[in-house]
Each structure stands twice: as structure tokens, then as C-alpha cells.
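> sharing a sequence plus its predicted fold:
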Amino acid sequence: MPELSVRHLTQTLGSTRILDDVDFTVADGTFTTLLGPSGCGKTTSLMAIAGFHTPDGGTIHHGDRVLFDAAAGHDLPAERRALGVVFQSYALFPHMTVGQNVAYPLRLRRAGKQEIQHRVRTVLELVELADRADAHPHQLSGGQQQRVALARALSHAPTALLLDEPFSNLDAKLRERARDWLTDLQRDLGITTVFVTHDQTEALAMSDQILVMHQGRIVRAGTPSDVYHHPGTRFVAEFLGRCNFLTGTARKAAGGGWQLDVPGLPGTVPFRADAPPGDETVTLAVRPEALVIAGPEAGNGAESAGEPAGRPAKITHETFLGDRYLYSLAVGQVALTALTPHRLGEGDVHVTVTEDAASVIVD
Amino acid sequence: MARARCLHRCDLPGRRWLGPALLAPLLIPPLGLIVGWESLYGPVGYLTQLWSTNLHLPAWNLESLPGISVLGAVVTLPVAYLTCSAVLEGGDGTLEDAVRASGGGNRQVLKSVTLPTLRSAMLDSSLLIFALCMEVLGLPLFLGRPAGIDFIASYLYGVWTGSATPDPPIVSAGAILLLLLVSGILVVRSLLMRHQARYASSARATPPARPIRLGRWRLPLAIGAGGFVVVTSVIPLLGLGLMSSVTDLTTLVPPWQLWNGANWSQIWRDPTLHRAFTNSLLIAAIGSVATVALVSLATVLAHRSGFRLRRTLPALLVYPRATPGIVFGVGFFWLFLIVNWPGALLRNSLSGELLALCVRNLTLAYVVLAPALARLNPELDKAATASGAGWWTTTRTVTLPLLRPALRSAMVLMFVTLVSDYDPVVFLAKPDTELLGTTMLQTWAKGLPGPVAALALVQVLLVAVALTVGFGWTLLKKARRHA
Ligand SMILES: Nc1ncnc2c1ncn2[C@@H]1O[C@H](COP(=O)(O)OP(=O)(O)O)[C@@H](O)[C@H]1O
Ligand SMILES: [Mg+2]
């Protein structure tokens, strides 16, 4: 299936830039997520691809088809783009049954009766709703409605699938299941997919590529683990989960790496940098789960050679999260948060920041 | 003077949620209602006579400004009711439940959900009613004339019919004044309606609204609404029936001694009256279907397309009804006269009247359809388009089917209006092409209230049939679904 390439989309409404040079490529058969806070331009970008929104500038290509080219004045009408679109409200036609909803794109394409029947059954089986073909949308649960919307978007075998926050109306448990299920389906079909969400867990769990948007711009693009571990900016780091920020002055270390002196924090923090960070202050992002914590009970264990490694720290607060524990720590005069899989005992702990844990960000 | 009267009337729409009982005034076309009121509550009316002569109590005067205002309110109520019921019928029940869940009572539900979502409908119907009052012809003609009360419309009508030369300058000047006033109202409307999207709910598949539990207010409200309907509609309707079947309605002789079918046989025998009936029926039948078909397309075009003129269309659609009918009549009269072809075909023919009446009343269809359309989730259209449907296919397969209840309301409203409307055609109707309304005006002017009452009852019957067919069908379908 062809790739989708979006080049330099811009849109100004009044004095605000809703889209600011939005530029990305969704490789053939991959799953790309547009992630960002509400109002950052995700829906606008997606609807520009779908053909419901005309940007001021830029181009959109799907394989060798030109969907949109502002300079050439080319704007393929939405109904001829032949993409599959799932809307946030699902937009199921309330006056049609589930079967009729799914058959709708096929009927428009004047498919034969037999073919429509067969295809509707196949697609409804795919979304596990074959037995509800005669129900009306309002008789279905939210999760089922969402799957019907997906079935309708897929029924005419589109070459790309666009989804606008399809899980936002589902409860957490259902959302998790729908997530796995959609990912599997997408892999099985190998369909090029653009997915819009404001939920970072969804984005991290499902995507081949994440595009983080902020105020109409794509501020970070990459694989989920890349974006998570090397956010690049404070905004991305915070948007993707809890994060510690350490600001200080950098100096070169002996082994080719760097060391950061953080005021108030005993010792230095090692980090790697592709380019020399320069003389100015440097900020590092450190994920709470990347901190290595040595609890008091570890002291008389295997490494009993006196003091355990790392800086001494005080636990100021403990939060039980179910599968993990979240700690607020005071290390010198610096406050850090840490996540550990098991509970730390009473008393002081020792914190180590490894070289892999820290990544440089710009504010 | 006229304006105060109008404001008085506009107060009323706020109370229209009292209940479906309010549909009853719809049963009686305005002229019939006026004749019915006049025959009972008028200065020489039956009930007034009973009240003052027989009981020696102070009587009211219907042929006065307050009297006309009260009747005006009753006459225009159906417009407001139909407009809002179309909106409420497609209502999102969860919105109201949301208020209840937040701890709000009925008052809160009304205040924070029902009334705001009705806002655009209320605004539209208020302005319509306002415009209606500005130009209503029958009221001053029937009630104001004897007391020497003239309104702009009746004054212009009088000048026109009394003048030797057609279209004296004063009529045109008055017409333009009316036009300017109404245009001002429309500008206000468009300013107020700028944020239409705000009042559209996200129409996911939601359960319909539950009826509001009135609790201890049930009985008083029901009695109030019932009493209102009885006094304003049922009794005048009976009066109408009485008047159409007796030779003379007076308290001096019991009515059953004057029982007589003369008025009815006259309708059947007199070719003019007979023709008025068939003409009106024809116009109402063709006009309602054609207008709703056209207006529904225009409405969808105006609100759901990239059509170049889509911003001006809503104003265009509201304008005709806001234009005073009598002004409209003058306009069409000259239009048919000046434009040789097809003016010559339309002048003096039923199709010309059909055109004038339909163009003038298409606003009513729009007013019912536009709010209903505004409540449709725009993502539904987009979903159809994304599936590969062009604009026309989307409209045909998704938008119009979802508008079905509103389309039915609009059709009934158009039929009812076309059966009883008359002011745009008072200058167009010729022998052969007279309608029920114009014939009633002329017959009343001749001082023959009996046949007028009979004709009014004919209108009532036509309206009743339209309502039964239109809404009875809906009820039947609902009942079947519940079974
Ligand atoms: N019709 C519109 N008129 C003006 N501004 C709009 C319109 N639609 C969207 N916007 C603005 O564009 C920005 C992006 O909106 P959207 O793409 O819907 O954001 P989201 O990322 O939440 O999907 C928002 O700041 C919004 O205010
Ligand atoms: Mg959005």
C-alpha cells in the first residue's frame, strides 16, 4: 500500500497559525500517531489529509496520487480521495442498520449485491460484530459503535486509514483492549494508518512513528522509544510522562562523555551528547524509572563494601500506584521523583543516575 | 402603536412548552379564529352579549388595541409552537439528563439546556411573529375597522382598494417603510445568530429526551393549558360552527330556532365559493410539496456546502416572510405586469398566486428545517463524503433522511399556511382565481358573516386533515415501535 507524504502544510486563521509547516511521511503500511494536547492542530492536519480542510500552503501525496497541492491549485475532493476515515464521534448514520452503515461506501461504488453482502460480512467479522448487522447504532455500546465506524471505514478497502481520537469515548479497560485489537488489525491488513490522540500511552503503545505536535508545529518525530527517551525539548518530555529536569553547567569527562554540575546536587551527572553542549547551562531530562535506587536493605547484601553506590537521598513522599511506587526524593537540595517496582524500606536511600538515563533537552 | 402590540405578542413564545395542547390553536386558521372570536367575544358577540346584557357585568372590548393584541398572540402562537417542536423532537436526551445528574431540577433543565438549544428557533420565531404583527391584515380589517383602528397594512389595503388609480404613491411609500423596518429586524437576527454552531449538540446516537416530570405542577399547568386552549380555540370554534349553521347569531333567540343549512348549501352552490375551495386545496397541495422540496435543498445548500452564495442564502430565505405580505403582493402585482413573459402567463392565473404564496411562505419551511439541520452532527456528512459520496449523494442518503421529522413538520406547516394565507394575493386574485382567504375578506366586507364562518370551518377541516395525516402517521409509527 502506498505511503502518505505531507509536505509543508501551513494554515493561518486570523493571526494564529493553526498549521505551521507540518511535514511528515507515513511509510507504506506503518502506523503513525499525531500526538499533542487539545487544540494543537491534530484534527486540522488529519482533516487536511481527508480533504475536509484546505490549508493555505503545502502538498499531500498518497503514493503517486496528488491529493492536495496548494501551489498548483489542486485539491482533490474528499469523496474522491478514497481513504478510510473514523471520526471522533463515530458519525454512524442513525437511520441505517449496522449492516447498511458498513455497506454504504460499497453501495456508492455500485458494487454488486452479492459482493456487498460478502464484503459486509467479512468486515463485520473482522471487527467481531457479525451478529449485530441488523442492529441500529443506538442499540450498541460505545465500543461496538467505534468498531462499526472502523468497519465502515475499511469496507471499501481503502489504501490508508485516518482515525481521529477513536478511543476517547471508551472507558480505560475497553480502551486498552481496543488499542491492542486495532494494532493487530492494522498489522494484519498492513494498511497505512494515521492516528490522532492526546493520550501518550496510546501513542507509545501503538505507533511505529510518533509525531508530537505543539501549537500547530511538529516538534518531535521518531519511534516511540526514541521520542520517549530522547524527547529533545521540555514540552515533549513532560507531555510523554513524568520527568526530572536537571540544569547545570557541563564539562568534558575523561572517557569522551560529559559531566553536569547541578547546583545543590552532590556529585556530577554523566551524560552523552552528539554535539558539544557549549559553555551555557545545559538541561537534562531523566525519567523517574531510569534512576537507580539502592534501598537501605540493600546495604547489607552482596555489595557490602561499606557505603552503597550513589548519592544519599531522603524519601519525602511515597505514592502507591498499584504496579509501582512513586517516590519524591530530596537529593541534596534537589527534588527528584523516582519510580520503583518494589517498595523501599524506611530510612535513607542512595540514588544513581546512569549515563544512559539522561538526555539533553532544550527549553 | 403597532410596535407595542408586537412586543406584547413576543412575550408569549416563552410559554410555548406548556404542552402539545398548544397545537390546538393550529386547528383554526387565523381568519377563522378572528371570525370565531368576533362572533363570540366581539362587541355584539354572543358571549359578550350574554355577559353584559344578560348578566349586567362590565364587558370587554375586542375591537380595541389590547383586544387585538390578545387575539394577535393567539393567532401567531402556532408558528412559534411548530418551530420549537421540530427542534425539541430531535433533542438529545442525555443533555437534559446531564443537568439532572448535576443536581439540577426541572427549572434548571429548562434554563440551561432546553431554552439555550431552542435559542435559534426562539429567535427566528420571535422575529417572524414580530414581522407577522407588523403586517397582519385580517386583524385590523375585521376588528380594527369598525372601531376606526388602522394599522399600516390595513391602511395600505384600504387606500389601494379605494383608489381609482392602481398603486397610489402613498402605498409604495408605506410599503418601503415597512420593508426598511423589517430589514432592520433581519440585520439584528443575523448578528445574533453568528455563533450558531454553539447551539448544535454533538449528535451521537443518543436516546430521545424523556418527558419532563412536572410533579406537583402537573395539575395546575394542565388546567392552565387546557383552559387556554378552551377559551382561545375550542369555544371560538364552536362559535364558528354555530354561526355557520344559523341565520343569525343573537342572544335574543335561542340558536336552535334559527338552525339552517343555508350557509353550507351556498358554499356548494355558489360557484365562487366552491371554486375558492378547490383553488385553495390545489395551491396548498402543490405548494407545500414543491416548497418544502426546494427549501430543503436550499437549506442544505446554505448550511452544508461550499456553495459560493451560501452565506447570503439564509437571509434570502427569511426575507420573504419577513416582508410584509401586502408589500409582497404589490411587488408581485407589478412584477407580473412589467415582465411580459412569463409575467403574462402568471398574471391573472392560479399559478401566479401559487408562486406568490409559496415564495412568501417558504420562510416557514426554512425556519423549521434550518434548526433541525443545525442539530445534525457535521461529522455525519463528512463520514458520507469520506465514504465516497458527493454533495448530492450525501444530501440524498444521509442529510434528508435524518431531517425527515422536520420535513414532515415543514410540509404540514406549509399546507396549513397555504390553506389560510391570503394577504400576498389580495391584489392578485381575480374572478376565477379566488382563494378561501380572499373570498372570506370579500364576503365579510359584503356583511355576510354566515358564509365566512362556513368557509372558515372548511379551512379548519382542511387543516385538521393535514395534521392528522402528518402527525398521526408519526404517532402511529411510534406506537408500532413500542408494541
Ligand atoms: N473553524 C475554526 N475557526 C477558527 N479556529 C479554529 C477552527 N477550527 C479549529 N480552530 C483552531 O485550530 C486549532 C487546532 O484545532 P484542532 O485541529 O481541532 O485541534 P486538536 O489538536 O485538538 O484536534 C485550535 O486552536 C482551534 O482553536
Ligand atoms: Mg481534535
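Happy to help now that I have it. Ligands and ions are numbered 1, 2, ... in the order given.
> any figure for the gap between residue B:409 and chain A?
Residue B:409 sits 17 Å away from chain A, going by CB to the nearest CB, to the nearest Å. C-beta: built from backbone N, CA, C; applies to glycine.
> looking at this, that residue is in a strand?
No - counting by DSSP: H, G, I helix; E, B strand; the rest coil, residue B:409 falls outside a strand, being helix.
> just give me the neighbour total for it.
Look at residue B:409: counted by other CB atoms under 10 Å in any protein chain shown, it has 26 neighbours.
> correct me if wrong: it contacts residue B:371.
No - judged on CB atoms under 8 Å, residue B:409 makes no contact with residue B:371 at a distance of 10.8 Å.
> can I assume residue B:384 is in contact with residue B:401?
No - between residue B:384 and residue B:401 there is no contact, the gap being 10.9 Å when judged by CB under 8 Å.
> quick one, which of those two is more surrounded?
When residue B:384 and residue B:401 are compared for neighbours, residue B:384 comes out ahead with 26 against 14, by other CB under 10 Å.
> any idea which element the more buried one lies in?
Per DSSP states H and E, residue B:384 falls inside helix B:378-386.
> what do you get for residue A:249?
Applying DSSP H and E, one finds residue A:249 within strand A:244-252.
> buried stuff in that strand?
A:244, A:246, A:248, A:250 (16 or more other CB atoms under 10 Å in any protein chain shown).
> for stretch A:108-128, same thing?
For stretch A:108-128, burial by neighbour count (16+ other CB under 10 Å) applies to A:108, A:111, A:116, A:119-120, A:123-124, A:126-127.
> go on, stretch A:58-67?
Across stretch A:58-67, burial judged by 16+ other CB under 10 Å covers A:58-62, A:67.
> per-residue pLDDT, the closest residue to ligand 1 within the stretch 51-200 of chain A?
The nearest approach of the stretch 51-200 of chain A to ligand 1 comes at residue A:196, 6.6 Å away (CB to the nearest ligand atom). pLDDT recorded at residue A:196 is 96.
> near chain B at all, stretch A:48-60?
Yes - legend: contact between stretch A:48-60 and chain B by CB under 8 Å from any CB of the partner chain is shown at A:50-52.
> so that stretch, near ligand 1 or not?
No - residues of stretch A:48-60 contacting ligand 1 under CB under 6 Å from any ligand atom: none, with a closest distance of 8.4 Å.
> which residues in the stretch 101-250 of chain A form strands?
Along the stretch 101-250 of chain A, counting by DSSP state E, counting those that start in this stretch, strands occupy A:160-164, A:192-197, A:209-214, A:217-222, A:244-252.
> packing partners of the following helix or strand past the last one?
Read it as strand A:244-252. Sequence-wise, the next helix or strand downstream of strand A:244-252 (DSSP H and E) is strand A:258-261. When contacts are defined as 3 or more CB pairs under 8 Å, 6 or more residues apart in numbering or on different chains; DSSP states H and E, strand A:258-261 sits against strand A:244-252, strand A:268-271.
> quick one: closest of those strands to chain B.
strand A:244-252 (38.4 Å; CB to the nearest CB).
> hmm, who's touching that closest one?
Strand A:244-252 is touched from outside by A:234, A:237, A:258-263, A:265, A:269, A:271, A:273, A:277-279, A:281-288, A:291, A:334, A:336-337, A:353, A:358, A:361, with contacts defined as CB atoms under 8 Å, 6 or more residues apart in numbering or on different chains.
> contacts for the helix or strand following the helix holding residue B:384?
Sequence-wise, the next helix or strand downstream of helix B:378-386 (DSSP H and E) is helix B:391-394. Applying CB under 8 Å, 6+ apart, the contact partners of helix B:391-394 are A:108, B:304-305, B:381, B:384-385.
> ok, residue B:320 - contacts?
By CB under 8 Å, 6+ apart, the residues touching residue B:320 are B:328, B:359-363.
> do residue A:9 as well
A:19, A:21-23, A:45, A:48, A:55, A:57-58, A:60.
> just the ones in helices from the residues you listed, please.
Judged by DSSP state H, the subset of those located in helices is A:45, A:48.
> buried residues in stretch B:403-420?
In stretch B:403-420, counting by 16+ other CB under 10 Å, buried: B:403, B:405-420.
> alpha carbons of it, in CSV - could you do that?
Extracted in CSV, the C-alpha atoms of stretch B:403-420 (Å, rounded to 0.1, in the frame of the first residue of the first chain):
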residue,chain,number,x,y,z
LEU,B,403,-34.3,15.5,8.6
ARG,B,404,-37.4,13.5,7.9
PRO,B,405,-39.4,14.6,11.0
ALA,B,406,-38.6,18.2,10.3
LEU,B,407,-39.5,17.8,6.6
ARG,B,408,-42.9,16.4,7.7
SER,B,409,-43.4,19.3,10.1
ALA,B,410,-42.5,21.8,7.4
MET,B,411,-44.9,20.2,4.9
VAL,B,412,-47.8,20.3,7.4
LEU,B,413,-47.0,23.9,8.3
MET,B,414,-46.8,24.9,4.6
PHE,B,415,-50.1,23.2,3.8
VAL,B,416,-51.8,24.8,6.8
THR,B,417,-50.4,28.2,5.9
LEU,B,418,-51.2,28.0,2.2
VAL,B,419,-54.8,27.0,3.0
SER,B,420,-55.3,30.1,5.1
